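**Q** I'd like to go over a predicted model; first the sequence, then the structure.
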Amino acid sequence: MPTDNDLKTSILELLRDLDALLVAHFYQKDEIVELAHYTGDSLELAKIASQSDKNLIVFCGVHFMGESVKALAFNKQVIMPKLSCCSMARMIDSHYYDRSVHLLKEYGVKEFYPITYINSNAEVKAKVAKDGGVVCTSRNASKIFNHALKQNKKIFFLPDKCLGENLALENGLKSAILGVNSKEEIKNADVVCYNGFCSVHQLFKLEDIEFYRQKYPDILIAVHPECEPSVVQNADFSGSTSQIIEFVEKLSPHQKVAIGTESNLVNRLKAKRNHQNTFILSSTLALCPTMNETTLKDLFEVLKAYKNHRTFNAIELKDEVARLAKLALTKMMELS
């Protein structure tokens with residue numbers, strides 16, 4: 001059996017031979033991040049990959065991320081070592097989107113402005129574009145939300161209810177969750193949220209913040225806005241993955257900080273600063289199971305197969321889906 005070092009050497013050789021670009025999301029395993037030409041969040045990587053002069057993109061992440069690259073650069077070949085699916089993105093598909101719109105109209109909501117979080121598949125992004133809406137990320141969500149408010153329509157935010165609720169609170173607006181709240185609550189809400197969530201960020205609770213504040217009175221709490229509102233409201237900082245990294249890296253090494261996001265990322269931040277002053281905001285290991293599926297062997301196998309003209313795990317989109325998804329993504333980038 002080849003060792004990890006053997007696999008790494010072979011992967012680097014294949015990447016050179018194929019003239020391929022390897023990108024990896026922040027939440028991937030350390031050994032994958034180590035080999036990547038670029039690491040980042042989903043939008044950063046989609047921009048880098050789509051604008052690269054390389055025609056072969058190898059994306060280590062989850063399925064919707066590969067789709068975003070394909071939509072932005074339809075002529076590029078995009079392959080993934082694992083076609084892993086984000087659990088939140090699986091909670092909304094084209095059919096559920098149509099059902100949600102139908103329910104809104106049944107409730108008397110005739111006009112709405114849809115915003116889909118980037119954690120959704122290309123078909124959902126396409127339908128949102130068709131309904132005049134846009135995509136957002138956790139980094140640009142506030143800017144996109146401000147644009148949506150100017151449309152003077154009820155906002156339909158999907159699929160992450162927590163990010164939608166947090167944006168509503170940030171702007172002093174009423175929110176309600178479709179399928180959970182009553183018809184009257186939906187009609188009276190400024191923001192209607194789809195009932196989706198991130199399985200990792202749901203692990204962080206207000207009790208975790210209270211525990212760390214009691215133990216270390218001077219500690220800072222930094223969390224992702226996919227956490228539930230009580231956590232975000234009581235944190236010192238809330239931001240996207242890349243914003244959390246920026247925040248933590250600027251702190252004094254003596255400053256204690258507890259971070260509410262995925263464990264692989266927190267462990268890498270720990271390694272860069274005083275290990276004893278950096279904590280994960282949970283007693284539970286907050287690993288993203290689908291991000292952790294990708295192994296060195298998976299990466300080697302997909303590259304070897306491509307070189308031998310036996311391509312698998314290639315991202316394919318229908319022309320019209322790609323066109324509309326690109327429209328929603330491009331609109332987001334113009335507004336950011």
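**A** Structure received. Numbers count the residues shown, from 1 in each chain.

**Q** which residues in the stretch 201-336 of the chain form strands?
**A** For the stretch 201-336 of the chain, the strands defined by DSSP state E, counting those that start in this stretch cover 220-223, 237-238, 257-260, 278-280.

**Q** for the first one, packing partners?
**A** Counting contacts by 3 or more C-beta pairs under 8 Å, 6 or more residues apart in numbering; DSSP states H and E, the secondary-structure elements packed against strand 220-223 are helix 206-215, strand 237-238, helix 241-249, strand 257-260. Backbone N, C-alpha and C define where each C-beta goes, glycine included.

**Q** partners of that strand in the sheet?
**A** Applying DSSP bridges to the sheet, strand 220-223 is found paired with strand 237-238 (parallel), strand 257-260 (parallel).

**Q** burial-wise, tell me which of the ones you listed comes out on top.
**A** strand 257-260 (a mean of 27; mean count of other C-beta atoms under 10 Å).

**Q** ok, residues contacting it?
**A** Outside strand 257-260, the residues within contact range by C-beta atoms under 8 Å, 6 or more residues apart in numbering are 201, 204, 208-209, 212, 219-224, 227, 231, 235, 244, 248, 251, 265-266, 269, 277-282.

**Q** need the buried ones from those residues selected in PyMOL.
**A** Buried members of the contacts of strand 257-260, defined by 16 or more other C-beta atoms under 10 Å, are picked up in PyMOL with:
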select buried, resi 201+204+208+209+212+219+220+221+222+223+224+227+231+235+244+248+251+265+266+269+277+278+279+280+281+282
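
**Q** can you count the residues close to D93?
**A** 16 (other C-beta atoms under 10 Å).

**Q** same deal with S87?
**A** 17.

**Q** ok, the closest residue to it other than its chain neighbours - contacts?
**A** Distances taken as C-beta to C-beta, 6 or more residues apart in numbering put S199 closest to S87, at 4.8 Å, once the chain neighbours are dropped. If you count contacts by C-beta under 8 Å, 6+ apart, S199 has them with S87, M88, P289.

**Q** mind redoing it with 10 Å?
**A** C86, S87, M88, M91, E226, A286, C288, P289, T290 (C-beta atoms under 10 Å, 6 or more residues apart in numbering).

**Q** how about T295?
**A** D4, L7, K29, E31, I32, P81, K82, E301.

**Q** distance of it from K82?
**A** T295 is 8 Å from K82, where distance means C-beta to C-beta, to the nearest Å.

**Q** tell me if I'm right that G179 and E185 touch.
**A** No - G179 is not in contact with E185 according to C-beta atoms under 10 Å; the separation is 11.4 Å.

**Q** I'm done for today, thanks for sticking with me.
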